[in-house]
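Asks: Sequence and predicted structure are below.
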Amino acid sequence: TVFAADDRVRTWYDALQLVFQRRLNGGLSFNTHYQLAHAQQTQPLNWDGLTVERTDAPRDIRHAWVGQINYVLPWGESLTGFGRGVLTGWQVNAIANYQTGEPFGVTNLAARANTGGAPPGGQGTDRPNLVGDPELPANQRTVARWFNTDAFQQQPLFTLGNSPATVMHGPPQRRIDLSVFKEFAAGGSTRLQVRYEVYNLTNIANFQNPNSQLGSPAFGSISSTGNSTPRQMQFAARLLF
């Protein structure tokens with residue numbers, strides 16, 4: 001638990017991490033780790049400065065997994081001379097990661113409570129009423145309607161909505177990167193390394209959180225992949241000395 005200068009503002013972070021590693025053996029090594037975590041915070045609400053609310057922290061990522069594998073390809077071991085020098089020693093390295101999405105809340109496009117302030121993350125607006133389950137089954141989620149928009153209604157004027165600060169978590173993020181490389185002796189201690197690298201091998205689209213402002217024409221839809229990298233390939237040569 002972390003306390004800020006204002007003792008009403010606190011943060012909690014609880015996590016469990018599991019790690020498994022295999023040291024290089026038979027040309028193969030890998031390691032993987034999984035993390036289960038929950039980040040929360042409390043802070044006073046702006047409309048009265050007294051009410052304290054406990055909710056998920058902005059970077060609350062519940063599940064995160066990373067795996068890495070490196071394998072020395074067993075090519076050309078029976079060869080000699082030039083063929084052995086060209087074919088042996090190639091290595092493949094792959095890194096995969098997955099994490100669940102970040103939390104978000106729903107706010108009104110235009111304030112209705114007339115409080116002169118907004119809840120945390122409210123961007124100058126206030127929250128509507130939550131009147132149903134905002135979650136959609138996975139097979140019904142699309143970029144045009146990622147959550148159940150019918151679960152929210154504008155509250156009556158000059159009243160506070162009952163929607164919590166965090167109602168859901170956004171889309172997950174996942175990616176696989178791959179590289180193939182080899183080092184060639186170039187005389188003395190000098191080596192030439194050649195590499196072929198692919199980022200986001202499967203070209204997965206990783207989406208940002210949906211629009212969460214009730215009253216916006218884009219409410220509930222996703223329009224951005226943020227800084228997510230599409231599939232990219234590159235060749236490289238590096239001289240090591």
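Replies: Good, I have the coordinates. Residues are numbered from 1 along each chain as shown.
Asks: what number of residues lie near residue 212?
Replies: When counting by other C-beta atoms under 10 Å, one arrives at 23 neighbours for residue 212. C-beta here means a position set from N, CA and C on the backbone, and glycine is covered the same way.
Asks: Toward the C-terminus, what is the element adjacent to the lowest-mean-pLDDT helix or strand in the chain?
Replies: Within the chain, no helix or strand scores below strand 2-3, which has a mean of 50 by mean pLDDT, DSSP states H and E. Going down the chain from strand 2-3, the next helix or strand is strand 10-25, by DSSP states H and E.
Asks: What lies in contact with that following strand?
Replies: By C-beta atoms under 8 Å, 6 or more residues apart in numbering, the surrounding residues in contact with strand 10-25 are 1-4, 28-42, 57, 70.
Asks: If burial is judged by neighbour count, which of those residues pass?
Replies: 29, 35, 37, 39, 40, 41, 42, 57, 70 (16 or more other C-beta atoms under 10 Å).
Asks: pretty sure residue 170 contacts residue 101?
Replies: Yes: contact criterion C-beta atoms under 8 Å: residue 170 and residue 101 qualify, at 3.4 Å.
Asks: list residues touching both of the two?
Replies: Jointly contacting residue 170 and residue 101 under the rule C-beta under 8 Å, 6+ apart are residue 209.
Asks: For the chain, just list every one of the helices.
Replies: Assigned helices in the chain, in chain order: 81-87 (criterion: DSSP state H).
Asks: For residue 60, give me its contacts.
Replies: Neighbour list for residue 60: 37, 38, 39, 40, 102, 103, 166, 169 [criterion: C-beta under 8 Å, 6+ apart].
Asks: go on, residue 195?
Replies: Per C-beta under 8 Å, 6+ apart, neighbours of residue 195: 179, 180, 181, 235, 236, 237, 238.
Asks: Show me what the last one is bridged to.
Replies: Beta-bridge partners of residue 238, counted by DSSP bridges, are residue 193.
Asks: follow-up on the earlier one: show the buried residues in the contacts of residue 195.
Replies: 179, 181.
Asks: Reformat the contacts of residue 195 as a markdown table; add pLDDT.
Replies: Below are the contacts of residue 195 laid out as a markdown table (pLDDT from 0 to 100):
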| residue | pLDDT |
| --- | --- |
| 179 | 97 |
| 180 | 96 |
| 181 | 94 |
| 235 | 95 |
| 236 | 93 |
| 237 | 92 |
| 238 | 88 |
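Asks: Among the contacts of residue 195, name the ones in strands.
Replies: Counting by DSSP state E, the contacts of residue 195 place 179, 180, 181, 235, 236, 237, 238 in strands.
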